[in-house]
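J.: structure of the sequence below:
(chains A and B)
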Amino acid sequence: MSTTSIHSDAPVADLDEQRAGQERFDQIIAEDSRIEPSDWMPEGYRKTLVRQMSQHAHSEIIGMQPEANWITRAPSLKRKMILMAKVQDEAGHGLYLYSATETLGVPREELVRQLLDGEAKYSSIFNYPAMTWADVGAIGWLVDGAAIQNQVPLCRASFAPYGRAMVRICKEESFHQRQGWEILYELSHGTPEQKAMAQDAVNRFYGPALQMFGPPDDDSPNSQQSMAWNIKRFSNDELRQRFVDMIVPQAEALGLTLPDPDLKWNEERGHYDFGELDWDEFMSVIKGKGPCNVQRMQHRRAAHENGAWVREAAAAYAEKQARRQQDAADTHLIGA
Amino acid sequence: MSFASSDSATRQSAGNAITPEDIIASENKAPEDVATYAMYLGDDALILAQRLGYWISRAPEMEEDVALANIAQDQLGHARFLLSYAGSAWGKTEDELAYFRDTHEFYSCRLVEQENGDFGQTIARQLIFATYQYELFSRLVDSKDETLAAVAAKALKEVMYHLDHAAQWTLRLGDGTEESHRRMQEGLYYMWPYVDELFADDDLLRDLADRGIAVLPSTLRESFDQRIQPIIEQATLEIPDVAGAFGGDRSGRFSEHRGHILGEMQVLARQFPGATW
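T.: You can find the predicted model right below:
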């Protein structure tokens, strides 16, 4: 057994292997091809993906809560049906993404532990409350709309399992955004009280939705490396601009306004200008001071802890069944 | 318009299945007695969907969030068909019936109104109700009322899955750990007093059954027992030794829970009467 450190004195064969792996990896990235889980990859690439993909999975799972809050009170049976389907999809998205992350060698139990222990982050938008029914619409239209803007380019992410998961997720997200838009459309074309409810929801979710793209480019240190690795394809500010350009005409069609006095078309740039976002608030929500940070974690932990005995039962049953099958097989052998 | 289900249940598969909108658009208006029967069945499905919907985001495992959401959607789908059809008798929509009837105007059985409790209680309720619905819809596909037959054909395939889901969990909880065995047995104990009412006949049911429209509940009991007993035994559990709770034959004695369930479900719709969503 060698006592030397692999860092200072790694066997030559390992170094050669690593060099060859890095060359092949660089080539795949240069060709804009895909990395599969069995391919060699730099440790930083693996870590970045585990962090990003698991955060994404956690966001889907935590993101179920604000909308699930309205399932039992949805104001029509059709809306109740659509909302249940949507929150169910989010659970499904969480599951695909945990599975895709597992291909990088981290089991789901560990990822879930990181979430429950507060080591891992999730999208801070879900720390805002869904106070009214219109919030369900605003979450669909703005939050899922921003998510789509972020996620469509991720379908081409260099890590193949992530890209494949995103293809399916994006299809469902576009249905989610449409149902949100429909909810707001019905409200904004309904009674004055309904329209006011819709406007209030849009006023509250507009800023936090724009912040879902992350801090401004000057202040986003990890973005450059992610772009060099073909994980991220567009910068935070580029994606945010696209999103604003998309929602302004949609808001007009809804008959609702966006709460930004600086929002106006810039002929020269061919884009909408918009005002400075409240990044102090963004940082404070990330640091745990959002209206629902504690509540979201409490809800998730309660579900996990209340379900422990069920998961233990399923495992115990599976063990018993395996043992019974083994016993049956043994009996068969002896009998033969 | 015909729903064309009498020859084959598989014609009502997802994709070409009937929708509540089909029922509204069809010329098939329910006579008042059939409409009341449709509310018996539709209210059960609606209340169960409401109960199961609460689990979404709270299930013991994420896969189970997906599964319970599936079952809740199936039940809500049945409710939408049945209440849309019931409403045709009086020119009312599914939402008018779901959101603007008062507590005493619902017909739901007390079993579906029971609280979710822990996962064992929810599975006990699911096992009992899915077994009952499986037997019911297996027979209702032959109803002379073609709308009810079409709804039953669609529902039957879904309920087969609900029954499988409940049976699989009953086995795992019953024959899992000591704790899960105890909780599952307790779940059956809490739900069992409300089994008898599922099989209670009344004048309306007798009349509709005579005319080949409804299934007479008492005729389902034997096959229910034959189906559920082996599952409970295989799960190393016992049929609870507990008396059936009297009353609750859909004649107006309902559980204390119903008011809370409807209070929550109807609150927003009633804040904005006449609004569309």
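
J.: every contact and neighbour count from this point should use C-alpha atoms.
T.: Noted.

J.: so which helix or strand takes in A:A91?
T.: Element membership for A:A91, per DSSP states H and E: helix A:77-102.

J.: so what does that helix touch, helix or strand wise?
T.: helix A:43-62, helix A:64-68, helix A:108-116, helix A:160-188, helix B:62-87, helix B:94-99 (3 or more CA pairs under 8 Å, 6 or more residues apart in numbering or on different chains; DSSP states H and E).

J.: now do it, average pLDDT.
T.: Mean per-residue pLDDT for helix A:77-102: 97.

J.: what angle separates that helix from helix A:108-116?
T.: Counting by axes from the mean of the first three to the mean of the last three CA atoms, to 10 degrees, helix A:77-102 lies at 110 degrees to helix A:108-116.

J.: how far is helix A:77-102 from where the chain is centred?
T.: 12 Å (CA atoms, centre = their mean, to the nearest Å).

J.: what residues sit buried inside that helix?
T.: Buried residues in helix A:77-102, defined by neighbour count with 16 or more other CA atoms under 10 Å in any protein chain shown: A:77-102.

J.: next one: stretch A:255-263
T.: For stretch A:255-263, the neighbour count (16+ other CA under 10 Å) marks A:L256, A:L258, A:P259 as buried.

J.: and the residue lying closest to the last one once chain neighbours are set aside, how far from A:K264?
T.: Yep, that's A:P259 we're talking about. Excluding the flanking residues, the one nearest A:P259 by CA to CA, 6 or more residues apart in numbering or on different chains is A:N203, at 5.5 Å. Distance of A:N203 to A:K264, given as CA to CA, to the nearest Å: 17 Å.

J.: higher neighbour count, these two?
T.: Remark: of A:N203 and A:K264, A:N203 carries more neighbours, 17 against 13, as counted by other CA atoms under 10 Å in any protein chain shown.

J.: quick check, distance from the host helix or strand of the more buried one to the centre of its chain.
T.: Using DSSP H and E, A:N203 sits within helix A:192-210. With CA atoms, centre = their mean as the basis, helix A:192-210 stands 23 Å off its chain's centre.

J.: would you indicate which residues of the helix or strand that comes right after it are buried?
T.: Later in the chain than helix A:192-210, the nearest helix or strand by DSSP H and E is helix A:223-228. Under the neighbour-count criterion of 16+ other CA under 10 Å, helix A:223-228 has A:S223, A:S226 buried.

J.: how about the helix or strand that comes right after helix A:223-228: buried residues?
T.: As assigned by DSSP H and E, the chain's next helix or strand after helix A:223-228 is helix A:236-254. For helix A:236-254, the neighbour count (16+ other CA under 10 Å) marks A:236-237, A:239-241, A:243-248, A:251, A:254 as buried.

J.: redo those residues as JSON lines? Include pLDDT.
T.: Compiled in JSON lines, the buried residues of helix A:236-254 are given as follows (pLDDT from 0 to 100):
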{"residue": "A:N236", "pLDDT": "96"}
{"residue": "A:D237", "pLDDT": "97"}
{"residue": "A:L239", "pLDDT": "97"}
{"residue": "A:R240", "pLDDT": "98"}
{"residue": "A:Q241", "pLDDT": "98"}
{"residue": "A:F243", "pLDDT": "98"}
{"residue": "A:V244", "pLDDT": "98"}
{"residue": "A:D245", "pLDDT": "98"}
{"residue": "A:M246", "pLDDT": "97"}
{"residue": "A:I247", "pLDDT": "97"}
{"residue": "A:V248", "pLDDT": "98"}
{"residue": "A:A251", "pLDDT": "98"}
{"residue": "A:L254", "pLDDT": "97"}
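
J.: out of the buried residues of stretch A:255-263, which is nearest to chain B?
T.: Distances from chain B to the buried residues of stretch A:255-263, taken as CA to the nearest CA, are shortest for A:L256 (16.5 Å).

J.: which strand or helix spans B:E27?
T.: Using DSSP H and E, B:E27 falls outside every helix and strand.

J.: and it, its phi and psi?
T.: Phi and psi for B:E27, reported as degrees, to the nearest 10, are phi -90, psi 0.

J.: just checking, what packs against the helix or strand where A:Q27 lies?
T.: Take DSSP H and E as the rule and A:Q27 turns out to sit in helix A:12-30. Packing contacts for helix A:12-30, counted by 3+ CA pairs under 8 Å, 6+ apart, involve no helix or strand.

J.: alpha carbons only: can I get that helix in CSV?
T.: Backbone C-alpha positions of helix A:12-30 (Å, rounded to 0.1, in the frame of the first residue of the first chain) are rendered in CSV as follows:
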residue,chain,number,x,y,z
VAL,A,12,2.1,8.1,-13.9
ALA,A,13,-0.7,5.9,-15.4
ASP,A,14,-3.3,7.9,-13.4
LEU,A,15,-1.9,11.2,-14.6
ASP,A,16,-1.9,10.0,-18.2
GLU,A,17,-5.5,8.9,-17.8
GLN,A,18,-6.5,12.2,-16.4
ARG,A,19,-4.7,14.1,-19.1
ALA,A,20,-6.4,12.0,-21.8
GLY,A,21,-9.8,12.5,-20.1
GLN,A,22,-9.3,16.3,-19.9
GLU,A,23,-8.4,16.4,-23.6
ARG,A,24,-11.4,14.4,-24.6
PHE,A,25,-13.6,16.5,-22.3
ASP,A,26,-12.3,19.7,-23.8
GLN,A,27,-12.9,18.4,-27.3
ILE,A,28,-16.4,17.4,-26.5
ILE,A,29,-17.1,20.9,-25.1
ALA,A,30,-15.4,22.5,-28.1
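
J.: show me what the mean pLDDT comes to for that helix.
T.: Throughout helix A:12-30, pLDDT has a mean value of 91.

J.: next, the buried residues of it.
T.: Those would be A:G21, A:R24, A:F25, A:I29, for helix A:12-30 by 16+ other CA under 10 Å.

J.: chain neighbours aside, what residue packs nearest to the first one?
T.: Nearest residue to A:G21, sequence neighbours excluded (CA to CA, 6+ apart): A:W40, at 5.4 Å.

J.: does that neighbour count as helix, strand or coil?
T.: coil (DSSP: H, G, I helix; E, B strand; the rest coil).
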